[in-house]
Each structure stands twice: as C-alpha cells, then as structure tokens.
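**Student:** structure for this input, please:
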Amino acid sequence: MTLLEAVTRAGGLTPEAGSEILITKSQPGPDGEAAALIQRVPVKALIDSADPEANLKLTGGEEIRVPEAGKIFVVGNVKKPGSFPVQDGGESSVLKVLALAEGLAPFAGKLAYIYRREASGSKNEIPIELSKIMQRKSPDAPLLANDVLYVPDNHGKRVGLAALEKLLMFGSTAGATALIYGR
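**Tutor:** Okay, the predicted model is just below:
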C-alpha cells in the first residue's frame, strides 16, 4: 500500500491538517534495540504535485500522523474574533488575519498588539500601528503560528459617541416635551 492510498482509506485530510505527514517506523538500532525513524512528507508534494517520491511504499507497522496546522488567534475589536489556521507557508500577516476576522469593529483602536511566545519561553508584546498599515504608510506585520493579535478598544471614540448619543436623546426628549406642553 502507498501513503496516498492509506490517507485515502482514512477519509483524506481535514481542513485543520498541517502541511506535513509524519511517518514513524521502528527499525533495529546499532545496539540491537528498536529505534524510531521519522520521515516527513510535505502534503503539497504528495497531493498537489503528485510527486512519486513523496508517495512512499508502506510495508506495515508504520504509524502515520498528520499534525494539526498552527493557528493565529485574533481577539478584541474585530467583527469575528477567533482562531485561524496558518497557511502552508507557515507565516501570515496582520492584514490577512484581519480579513479572515471580517475586518475591524467600529470602536477599534489605531494601535494593536501581537503577543508572541519565543522558543526560549519568553513572551513578547509587539505594538502594531494599524492605521499606518491600513493606509499603506507602514509595511504589513508578519504573524506566526500561535501568535495572538489583540485589537483594543478606542476609548476616546467610544466615549465621544456615547456623549453625542446622550445629548441627542436629551435634545429629542426636550423637544418632545415642549411639543406636548405647547411651549
């Protein structure tokens, strides 16, 4: 059986599938004990390119795993917050992810933040000027798997609009009262 036949029998790949298929096979090591040999097969080479070298011949006893694709998380003032899979290249950008999140909400701030955990375990907070990116005055910022893009609220815009709404409500109430009492 080939790798492609095995994937087909398993029902194919899900939309959450990562960009690699991992095939683990046990073989005798130099000391006689079993050692695991892991082969990585790019999904693009196997399925899209139909590369015959990627369609490995399986002999039995192999374990085939397809890890889930990495995700980018978007929270805050966007229309559709959530997690979005990282595309095949492994890198995305702020504009691409905002498009997947259906754009900014009405009270989105001009500054956003990328929260990224580094391989060393440290955490980074990277400020991003959304308004400059949207106006093409600054380059789009790259996002990696497991990044969190946070778009905070623009408090000044929200407070100003709330005050305007209250003023309009008061004005319309006062006008209605004057009509009722004939003044």
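**Student:** C-alpha from now on. contacts and neighbour counts both.
**Tutor:** Will do.
**Student:** start to end distance for stretch 120-134?
**Tutor:** 32 Å (CA to CA, to the nearest Å).
**Student:** how far off centre is it?
**Tutor:** 15 Å (CA atoms, centre = their mean, to the nearest Å).
**Student:** which parts of that stretch are buried?
**Tutor:** By neighbour count on 16 or more other CA atoms under 10 Å, the buried set for stretch 120-134 is Ile128, Glu129, Leu130, Ile133.
**Student:** tell me the mean pLDDT for it?
**Tutor:** Averaging pLDDT along stretch 120-134 gives 88.
**Student:** so what touches that stretch?
**Tutor:** Residues from elsewhere that reach stretch 120-134, judged by CA atoms under 8 Å, 6 or more residues apart in numbering: 95, 110-118, 138-141.
**Student:** all helices of the protein, in order?
**Tutor:** 3-9, 43, 94-100, 130-134, 155-181 (DSSP state H).
**Student:** not counting sequence-adjacent ones, nearest residue to Arg40?
**Tutor:** Computed as CA to CA, 6 or more residues apart in numbering, the closest residue to Arg40 that is not its neighbour in sequence is Leu22, at 4.9 Å.
**Student:** share the number of residues neighbouring the one you found, please.
**Tutor:** Around Leu22 there are 16 other residues, counting by other CA atoms under 10 Å.
**Student:** check contacts around it.
**Tutor:** Listed by CA under 8 Å, 6+ apart, the contact set of Leu22 reads Ile38, Gln39, Arg40, Val41, Ile64, Arg65, Val66, Pro67.
**Student:** report pLDDT for the second one.
**Tutor:** Just to be clear, that refers to Gln39. Note for Gln39: predicted pLDDT of 89.
**Student:** now it: how far from Arg116?
**Tutor:** To Arg116, Gln39 is 29 Å away according to CA to CA.
**Student:** quick one: which of those two has more around it?
**Tutor:** Higher neighbour count among Gln39 and Arg116: Arg116, with 19 against 14, using other CA under 10 Å.
**Student:** I figured the more buried one hits Tyr150, correct?
**Tutor:** No - counting by CA atoms under 8 Å, Arg116 sits too far from Tyr150 to count as a contact (11.1 Å).
**Student:** pLDDT weak spots in the chain?
**Tutor:** Within the chain, the ranges that satisfy pLDDT under 70 run 87-90, 155-183.
**Student:** kindly recompute the last result at 80.
**Tutor:** For the chain, the stretches with pLDDT under 80 are 27-32, 34, 48-49, 87-91, 119, 121, 154-183.
**Student:** just to revisit the earlier point, among the contacts of Leu22, the buried ones, what's the ChimeraX command?
**Tutor:** Buried members of these, defined by 16+ other CA under 10 Å, are picked up in ChimeraX with:
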select :41,64,66
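**Student:** can you redo the contacts of Leu22 as CSV with distance to Glu16?
**Tutor:** Shown next, in CSV, are these (distance: CA to CA, whole Å):
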residue, distance to Glu16
Ile38, 22
Gln39, 21
Arg40, 18
Val41, 17
Ile64, 16
Arg65, 13
Val66, 10
Pro67, 9
